[in-house]
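Peer 1: Predicted model follows, preceded by the sequence.
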Amino acid sequence: MSERVSKLDDVSLVTNNFGDALVFADILLDWFRFLGGKPGEVVVVDCGSDRETQTIYWNLFKEGLIDKLQLIQSNHEDNYGGIESGYKKEYTAGAIASKPYLLWFHVDTLPYREGHDNWLEESISYLERDDVFAVGGSFNLPSKHHDAWPGWYFSDKCSLNFALMKRSTFMKATHEFAGPYIMAGFKGENPAEVMVPGKARYLFEVAFEEYIQRNKMYTLCKVEEPTWTVFHTNTHEERLKKTREKYLARKDIERFMNAGFSNEEPRPDRAIYYGQPPIGIIKRLRIMFGRSLVGPYWQQLKQKLTLSSRASL
């Protein structure tokens, strides 16, 4: 028990968040239960949420359930990119955390476990391996690179929907890829956009993949079972509330388990999200268009139009 308390104290639970006042507090407590208690530090960086959501944060802060809280006005220049600029707050959340390990989560990602009481200690021990970049998962598409050992597999992807990593690794990976851009206050050319047009908002996922490839490292993922799951639902507000209730009751979870534990080609139009209906034909066509040669340029145009409309307000 003492080792468990010690490892828990070494973890910063970090997130950037927009909205979801209806469920944010409940899901934060779900993550506490998943970890085995409140971790050594909880960091929340807001992305320009409404007053109701910011009041939820403030109440949690006053109760001692959030340790570091950064709020931002919705009309601040850091929000001019809308959802496309969320990566700035992701960086802030990791940068202001002070514990040696970061556990990333997003509010639309739901954890669950029964038993597996030593998972955190076991996972932290794996971070000492030369081939482990992070321990994570919550994939909605096939993401397996190769098998690790029974009950675990390696991926060359890393999602901040759920990832445990060393803070030092996070800082190293982000600054090796985007150091000048970060130090310039995220002004100038986004290196993710330069490398993969249309991927500006995924700056750190691209940075992680580059670091993983360069250093021959991987994300270690635990094979899901009914007593251990982490689902990225991509749902919000009332739908997220209902999805969480269904999820905790363990309803219809089997067909969504281990979406990433596959060597099949990862096709975004076949992504599966617990709590959402299957992707319809119109959305499939939009995804296929986004993956075409024209797609990245359309994304760039939409982003420029969004920035110019916000700047004129």
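Peer 2: Received, thanks.

Peer 1: got the residue ranges for the helices in the stretch 1-150 of the chain?
Peer 2: Along the stretch 1-150 of the chain, counting by DSSP state H, counting those that start in this stretch, helices occupy 2-9, 24-35, 51-62, 86-96, 119-126.

Peer 1: out of those, nearest to residue 187?
Peer 2: The closest approach between residue 187 and any of these, judged by Cβ to Cβ, belongs to helix 86-96 at 10.7 Å. C-beta: built from backbone N, CA, C; applies to glycine.

Peer 1: Pull that closest one out as CSV, backbone CA atoms only.
Peer 2: C-alpha atoms of helix 86-96 as CSV (Å, rounded to 0.1, in the frame of the first residue of the first chain):
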residue,chain,number,x,y,z
GLY,A,86,-6.3,23.4,-28.3
TYR,A,87,-2.7,22.2,-28.5
LYS,A,88,-1.5,25.4,-26.9
LYS,A,89,-3.4,24.5,-23.7
GLU,A,90,-2.2,20.9,-23.9
TYR,A,91,1.4,22.2,-23.8
THR,A,92,0.6,24.6,-20.9
ALA,A,93,-1.0,21.8,-18.9
GLY,A,94,2.1,19.6,-19.2
ALA,A,95,4.5,22.5,-18.7
ILE,A,96,3.0,23.8,-15.4
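
Peer 1: Point out where the stretch 51-200 of the chain drops to low pLDDT.
Peer 2: 82-83 (pLDDT under 70).

Peer 1: could you redo the last one with a cut-off of 80?
Peer 2: Scanning the stretch 51-200 of the chain for pLDDT under 80 picks out the ranges 79-84.

Peer 1: Quick one: the strands in it, in order.
Peer 2: For the stretch 51-200 of the chain, applying DSSP state E, counting those that start in this stretch gives strands covering 68-70, 101-105, 109-113, 132-136, 144-147, 152-155, 162-166.

Peer 1: With just CA atoms, put the last one into PDB.
Peer 2: I take that to be strand 162-166. What follows is strand 162-166 as a C-alpha-only set of coordinates in PDB (Å, rounded to 0.1, in the frame of the first residue of the first chain):
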ATOM      1  CA  PHE A 162      -5.200   8.700 -22.300                       C
ATOM      2  CA  ALA A 163      -1.400   8.500 -21.800                       C
ATOM      3  CA  LEU A 164       1.000   8.100 -18.900                       C
ATOM      4  CA  MET A 165       4.500   9.400 -19.500                       C
ATOM      5  CA  LYS A 166       7.500  10.900 -17.900                       C
END
